[in-house]
Each structure stands twice: as C-alpha cells, then as structure tokens.
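J.: curious how this folds, go ahead:
(one chain, ligands or ions: 2)
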Amino acid sequence: MSRPRILVVDDEPNIRRMLAGVLADEGYAVDAAADAEEAWTALAERPADLMLLDVKLPGEDGLGLLRRLREAEVALPVIMMSGHGTIRTALEATRLGALDFIEKPIVPERLLLSLANALRLRRLENENAGLREALAATGELIGASPAMDRLRGEIARSAPSEARVLITGENGTGKELVARALHAGSPRRERPFVKVNCAAIPSDLLESELFGHEKGAFTGALSRRRGKFERAQGGTLLLDEIGDMNGATQAKLLRVLEEGEMERLGGERSLRLDVRVLASTNRNLEALLSSGSFRRDLYHRLKVIPIHVPPLREHPEDVEPLAVHYLGRFCDANGRPLKRLDPGALARLRAWPWPGNVRELKNLMERVVIMVDGREVGAPAIAGLLGPAPAVGTAGGAPSDSAAANAAPGTGGAAAGEDDAAGGSLAGRLAACERRLVAEALDAAGGNVAEAARRLGLDRANLHRRLRRLGLRDRGVSR
Ligand SMILES: Nc1ncnc2c1ncn2[C@@H]1O[C@H](COP(=O)(O)OP(=O)(O)OP(=O)(O)O)[C@@H](O)[C@H]1O
Ligand SMILES: [Mg+2]
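T.: Ligands and ions are numbered 1, 2, ... in the order given. This next block holds a predicted model:
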C-alpha cells in the first residue's frame, strides 16, 4: 500500500501542527480535524489507516466519537491522547477498542513507536483476513480436479498482492468468479469491486465510461460523470473482455496505468488513482499482438500475473460435482423436490464437449429442473435437452482449437429428428446442416441478425435471404 494516512483529531491548533510535522517527517500522510464532527466528515471523505484522538474535545468528546465508530463498525485503529489520563478513561477507551493511550505532553519517540506497532498489527490482521477470505472466495469455485486445485492455489497466492492479473479462458469458464475471488482475498475487499465490459460498450463511449467526463466534454455530455476508475478508488477494477478494446482507448489506458493518474474527458485536473486493475479475455491475446490489434506494451503491463481458467472439457471430473451443485440450487430456487441424475445421465454429461463451459452446464441444470418431470433424471432427458453435438468451430463461442479433439457424444434420440428428417440426399443433408448452423449462430447472438451474420461471415442481407429460405425468419431479430 501507499503511505499510511493518519487522522489527527485535537482542538488545539498548536498540537495539530506539531503532530502533523512529526508525522510528515516520518513519511506518513496526515489529515487533521478540530472536533468529533469534523473527524467524522473527514473519514467519510477520505478513509484513514489510523486515528490519533484527543480525549477532551469541545462538543462530543473522544470517547463519544470512539463509541460512534464502533457502533458503525468502522474498523479503524485508534490511539488516544490525553493531558489528564485518569485510569478510568484509559480503561473505557481500551474497552471501546483503542489500541493505546498516550499522555500529553507528547513525546514524539513514544508516539511513533506506538503508531508503528499499531500499523504493523493492522497489516498482519489484514493479511490474515486476506488469506482467509481468499480461501473462502475460492470456496465458491466447485471442483476437486487437479486443474481446479491449481487454480485455487494461484488465486490464494496472488489475491493479497497489488499485482495486476490477466485472467484468460473461454466463455463461461468462470473468469469473473476468479476476479471476484481475487478482490475478496485482497486488502481492498471492503472497497468497491467494479467491472467494465469493454466489448459491450460502443468504442466511442468506452473512454467516458472508464475515465468519466466533465459537463460539455462532448455533444451529449450534459452533466459531469464519474468514470469506473473513480468509482473503483481504493478497490479493484475488472476490465472484462479487454481483447475487444480499440486502439485509441488502449493507448489512453496504457498512459493511465503508467502514470497512476487520470483526467476526466474534457477535464484539466488530474486525479491520483489507487485502483488495482484486473483484466480478463476469452480471446487469444498473443494472436491479437501479432496482428497488431492489441498493444504489446499494454499487454505486458496487464499480464504481471497470468491466470488461465481451463475449459470444462479439460477437467471432466468436475462435471458431476458442478451438475449436482447447480441441480440442487435450481430445485431449491424453484421450490421443487430434489432431483437426482442417474448414472446414464451423468455419463452423457461427462461426454459432452461443453462449448459454453460451466455457464452452459449451469443453464442446462436450470432447464432440467423446469422441463423434466419426476425425481430421477435419465440419459434420454439429458440427450433431449442437449440436442445434437455442437459443430465445432462455428457458433456457440468455443474457440475452434481443442473441442474437435474431444470425442463429441452421439446425438440424442429425442432431438436428432429434425435434421435426420431431411433425408439421405446430399442436398437435403446440407440444407439440414446449414439450418442447424444458422440457428445456432442466431441463438449464440441472442437472436440479433447482424451479430449472427458477423459470426457466420455473411452480410446481413444474405443472412436474411437464408433465414427466409430455411424457415427461420421468426428466430431472428433485426436491430
Ligand atoms: N468452478 C465453478 N464453480 C461454480 N460455478 C462456476 C464455476 N465456474 C463458473 N461458474 C459459474 O458459471 C457462470 C459463468 O462464470 P463467469 O461469468 O465467471 O464466466 P466467464 O469466464 O466470465 O464467462 P464470459 O467469458 O462469458 O464472460 C457463473 O454463473 C459462475 O458462477
Ligand atoms: Mg465474464
């Protein structure tokens, strides 16, 4: 962390000045307040790492403020100061959680020693809590395979640090879950976790989303707006889908990461940032580097610690625990009695290539709960919901590298009918195949025709013609 910040609360200007001088000389950052109210406001505006609090204050006294902090569950270490330290006040202060009690006139050496001890204790507590939280957060990650164990270990080790982490993996593997675990296991866990999806926001708006803008910075900037970086102050910012960020924004981001400060768009004043940056992507950044669409310097800044989340088909041992977990959760959520997957159903699930990874499995279990009657779920029901094995390298979001190498299960009896009905002629089978690929691309694009066309490498008019010919017109939505 940066320099520890100390809040000095004393009504005598001389003492505030003296303490500020001594503390600044020792490298602490110092804020000062003259009474309890001022201290309370100062803390709300800028959190401190420790408070030096005079017992006797005009209005509410030091013990009153200490009590208020405890009631609000503010975990701020406090050292009390007093010119007339009676045993009773000292006892009361300790009971309220004050770490030490220093008598006036203040001897700087004694004060500095007490401060250093308090901050060290605080740091140790924080680190311990961090490790505990990191473990707890990774506890949300289901799976006991060696791959998941390795992932948990990587999270637990990197969470408590300030290092940037680049999280890679296919769609639905759990990258966001990993990012949240990293935040939860860091000393920043009480501060905000903020996520920006760099792919979902049109590139001309992304900069203002990240850095905010002043009123009138551009047409449409009707009022001042804080960006995600500012909202994440003191906490963690996840740059999701970083591989989709455009060049201009990459250049700006690089500068902000290098300098540790930023300006709002159209703003003059630069703001010091205290934000841990995590990034994630399902794209192959190395390939984007060589094609020039991702900056190498930015890549190295982001990838201080790389964490790769493996696709589900590479740890099929975890399919069963994940399926059982989500099946139970969705039964609960829908008020249904608990269902059971029979051995045949489990075998089907293990053999599926999971192009959509854990998210696909989770969604499937929700469908099972809603669509399948009875307590026992068998292979035919699963096969019916899964449909034919996905054609690899097309829609569905799985990068085309490894899915093909894994044996896809045979198509389930219930769902195969539609395609097979096209008959045995080559033309008929090609049409059936085309229909399925187009339907999958549409589904993957949420029905958006333009997006589906992009995925299929067709122009929009062409896809519209095909939709008409294939009788799929009502599946697409033009936007
Ligand atoms: N190991 C896991 N244990 C339990 N749930 C998981 C696990 N991995 C992923 N999930 C769940 O799967 C869903 C998808 O995970 P997440 O959103 O983190 O994936 P992602 O990699 O960010 O996907 P995308 O690239 O599509 O954004 C979430 O509901 C998440 O809780
Ligand atoms: Mg995600």
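
J.: what's across from residue 8 in the sheet?
T.: Residue 8 has these beta-bridge partners by DSSP bridges: residue 32, residue 52.

J.: right, is stretch 238-247 up against ligand 1?
T.: No: applying CB under 6 Å from any ligand atom, one finds stretch 238-247 separated from ligand 1 by no less than 6.5 Å. No exception for glycine: its C-beta is placed from N, CA and C like everyone else's.

J.: just give me the neighbour total for the closest residue to ligand 1 within the stretch 1-150 of the chain.
T.: Residue nearest to ligand 1 within the stretch 1-150 of the chain (CB to the nearest ligand atom): residue 142, separated by 3.6 Å. If you count neighbours by other CB atoms under 10 Å, residue 142 ends up with 16.

J.: just give the number of residues close to the closest residue to ligand 1 within the stretch 101-250 of the chain.
T.: Residue nearest to ligand 1 within the stretch 101-250 of the chain: residue 174 (2.7 Å; CB to the nearest ligand atom). Neighbour count of residue 174, defined by other CB under 10 Å: 23.

J.: repeat that for residue 311.
T.: Residue 311 has 25 neighbouring residues, counting by other CB under 10 Å.

J.: touching, it and residue 171? I think so.
T.: No: between residue 311 and residue 171 there is no contact under CB atoms under 8 Å: 9.3 Å.

J.: ok, back up a step: need the contact list for the residue of the stretch 1-150 of the chain closest to ligand 1.
T.: By CB atoms under 8 Å, 6 or more residues apart in numbering, the contact set of residue 142 is 148, 318, 321, 322, 325.

J.: what residues does the stretch 351-479 of the chain have near ligand 1?
T.: Residues of the stretch 351-479 of the chain lying near ligand 1 (CB under 6 Å from any ligand atom): 358, 359, 362.

J.: just checking, the first one touches residue 312?
T.: Yes: in this structure, residue 358 sits in contact with residue 312. The criterion is CB under 8 Å, and the distance is 5.9 Å.

J.: more neighbours, the two?
T.: More crowded of residue 358 and residue 312, by other CB under 10 Å: residue 312, with 26 against 23.

J.: poorly predicted segments of the stretch 51-200 of the chain, please.
T.: 85, 129-139 (pLDDT under 70).

J.: thinking again about what came up before, give the residues shared as contacts by residue 358 and residue 312.
T.: 173, 322.

J.: about what we covered before: and ligand 1, which of the contacts of residue 142 contact it?
T.: Restricting these to those near ligand 1 - CB under 6 Å from any ligand atom - leaves residue 322.

J.: got JSON lines for the contacts of residue 142, with neighbour count too?
T.: Formatted as JSON lines, the contacts of residue 142 follow (neighbours: other CB atoms under 10 Å):
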{"residue": "148", "neighbour count": "21"}
{"residue": "318", "neighbour count": "22"}
{"residue": "321", "neighbour count": "14"}
{"residue": "322", "neighbour count": "22"}
{"residue": "325", "neighbour count": "16"}
